[in-house]
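*Asks:* give the three-dimensional model of this entry:
(one chain, ligands or ions: 1)
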Amino acid sequence: MKRQPLRLAILEAMRILEDAGVSSPRADAELIAAHVLGVDRGRLPLVPLVDPPVVEAIGKLVAQRAKRVPLQHLTGWAGFAGITLDVGPGVFIPRPETELLVEWGLRHIHGREYPVVVDLCTGSGALALAIAHERPDAVVYAVDIDPNALAWARHNADKQAAAGDTPIRLYSGDVGDNTIFAELDGLVDLVVCNPPYVPPGGDLPPEVVDFDPPQAVFAPDGGLAVVRQAVATACRLLKRGGGVAIEHDDTHGSAAPALVASRKVLTDVRDHHDLAGRPRFVTALRG
Ligand SMILES: C[S@@+](CC[C@H](N)C(=O)[O-])C[C@H]1O[C@@H](n2cnc3c(N)ncnc32)[C@H](O)[C@@H]1O
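*Replies:* Numbers count the residues shown, from 1 in each chain. Here you go, the predicted model:
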């Protein structure tokens, strides 16, 4: 059979994805093509013609994406703050907005030697591994309640350590357990946390509802239950001058900072917006 222009296969993929209601049809079509061809997306213009089996492989993945299977489940990986994490069924796919917590956290520990860092609710290991990658001297702890998520985190942590990064320390546990990391009480420089925070019944796209684990997304108490637990744990773990950054729902731009400010040991409470201008995460320092 004849070779075909890749451009046409991508245009056809975009049409299918747009009809299916995918929010970023061009990016997804190009990323699927790049995945099938084993090249970076930016190199696609260097591939003018493709063989029929390539077009067929692109078509199969596009059909799955049109059923709203997340792109990262199809490719098997997610880029996050300069690292690549393996992801799939059973673990939350790291989101770009969470990279803002990495940026804030790295700024906070800048100039501190051998900082102790704790990632509560680690999922795939995203925050812990991104910080460990940038700060090889950091002692990084991470915890999750879900054994499936932890299996992904262990896999990613082993892979990153095998590539030469300092290993992180992973634990199974509940942020609501007030003895968690008791050995670190008052010793921690930075606590980061992207907890489940969507109020139950929230309106979400199929990629989230059907593929992210529910306990990674929804939380009781109007979405604030795990945020509240993370704040309490941070108060106990942080040393004086230590900092905490917690992601929250964009409807919690007042409630989350108020919850943090209700803890007298935490000072300099600030809420931060994402690039789209939505309230996204709260930070504070241990006074
Ligand atoms: C929104 S995901 C975030 C994962 C990762 N930090 C990220 O940003 O990609 C929330 C994670 O919190 C975990 N989790 C939910 N409730 C928890 C709890 N009470 N204690 C510890 N982990 C919890 C879930 O299993 C899930 O992996």
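*Asks:* pull the contacting residues for R68.
*Replies:* Contacts for R68 (Cβ atoms under 8 Å, 6 or more residues apart in numbering) come out as 20-22, 205-207, 210. (Each C-beta comes from the backbone N, C-alpha and C, glycine too.)
*Asks:* with A29 instead?
*Replies:* Here A29 is in contact with 10-11, 13-14, 17, 62 (criterion: Cβ under 8 Å, 6+ apart).
*Asks:* return the subset of those lying in helices.
*Replies:* The members of the contacts of A29 that map onto helices under DSSP state H are 10-11, 13-14, 17, 62.
*Asks:* surely A256 and V282 touch.
*Replies:* Yes. At 4.8 Å, A256 counts as touching V282 under the criterion of Cβ atoms under 8 Å.
*Asks:* quick check: neighbours shared by those two?
*Replies:* With Cβ under 8 Å, 6+ apart as the test, A256 and V282 both reach 246, 248, 271.
*Asks:* can you give me the distance of the last one to the ligand?
*Replies:* Read that as D271. Per Cβ to the nearest ligand atom, to the nearest Å, D271 is found 18 Å from the ligand.
*Asks:* for the second one, same thing?
*Replies:* Distance, H248 to the ligand, using Cβ to the nearest ligand atom: 11 Å.
*Asks:* show me which residues of the stretch 151-287 of the chain are close to the ligand?
*Replies:* Contact residues (Cβ under 6 Å from any ligand atom) of the stretch 151-287 of the chain with the ligand: 174-176, 194-196, 215-216, 226.
*Asks:* just the buried subset of the residues you listed, please.
*Replies:* Those of these that meet the buried threshold are 175, 194-196, 215-216, 226, by 16 or more other Cβ atoms under 10 Å.
*Asks:* format the contacts of A29 as a markdown table; extra columns: pLDDT.
*Replies:* As requested, the contacts of A29 are exported to a markdown table (pLDDT from 0 to 100):
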| residue | pLDDT |
| --- | --- |
| I10 | 97 |
| L11 | 97 |
| A13 | 98 |
| M14 | 98 |
| L17 | 98 |
| V62 | 98 |
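*Asks:* from the ligand, how far out is the residue positioned nearest the centre of the chain?
*Replies:* Nearest to the geometric centre of the chain sits P94, at 2.3 Å (Cα atoms, centre = their mean). Computed as Cβ to the nearest ligand atom, the P94 to the ligand distance reads 4 Å.
*Asks:* repeat for K264
*Replies:* 24 Å.
*Asks:* in contact with the residue in the chain that the ligand sits nearest to, which residues?
*Replies:* In the chain, no residue comes nearer to the ligand than G123, which is 2.4 Å away by Cβ to the nearest ligand atom. G123 is in contact with 91-92, 94, 144, 149, 152-153, 194, 216, counting by Cβ under 8 Å, 6+ apart.
*Asks:* again with H155
*Replies:* By Cβ under 8 Å, 6+ apart, H155 lies in contact with D86.
*Asks:* can you tell me the SS state at it?
*Replies:* State at H155, reduced to three classes by DSSP: H, G, I helix; E, B strand; the rest coil: helix.
*Asks:* could you do the one 4 residues further on as well?
*Replies:* Under the three-state scheme (three-state DSSP), the conformation of K159 reads as helix.
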